[in-house]
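In: Sequence and predicted structure below; questions after.
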Amino acid sequence: METGTQYICSYCGTIGQPVKYTPGSIWIEILLWCMFIIPGVIYSVWRLASKTKVCPVCKKDTMIPLETPLGQKIYREMYLDMQKK
Ligand SMILES: [Zn+2]
């Protein structure tokens, strides 16, 4: 992951670094692995496939790099327009 790139959340407007989020629970994974192997494998694959980067504040998968045109647009709408009023 490159450092220095700032991200903006299109949902809540937070600027910063997204955090890694893995859905599900490690305890369910361990339990499934101990009791049944096949669901354990499926659960592990699903968790890895669903691993995503989310906003540190609202935990939504809506972080956009600030340097992109869409990131700039959201930044303007969230911060600059607010200051005008
Ligand atoms: Zn957010």
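Out: The structure has been received and is ready for your questions. Keep in mind it's a predicted model, so treat the numbers as computed, not measured.
In: What is the biggest helix by length in the chain packed up against?
Out: Scanning the chain for the longest helix, with DSSP state H as the assignment, gives helix 37-50. When contacts are defined as 3 or more Cβ pairs under 8 Å, 6 or more residues apart in numbering; DSSP states H and E, helix 37-50 sits against helix 26-35. Where C-beta positions appear, they are placed from N, C-alpha and C, glycine not excepted.
In: Nearest the geometric middle of the chain, what residue?
Out: If you average the C-alpha coordinates of the chain and look for the closest C-alpha using Cα atoms, centre = their mean, you land on residue 54, 1.3 Å from that point.
In: ok, what's across the strand from that one?
Out: With DSSP bridges as the criterion, the beta-bridge partners of residue 54 are residue 19.
In: What are the neighbouring residues in contact with the closest residue to residue 66 other than its chain neighbours?
Out: Counting by Cβ to Cβ, 6 or more residues apart in numbering, the nearest residue to residue 66 once its immediate chain neighbours are dropped is residue 6, at 4.3 Å. Residue 6 makes contact with 15-17, 65-67, according to Cβ atoms under 8 Å, 6 or more residues apart in numbering.
In: just those now: which is nearest residue 79?
Out: Checking those against residue 79 by Cβ to Cβ gives residue 15 as the nearest, at 8.5 Å.
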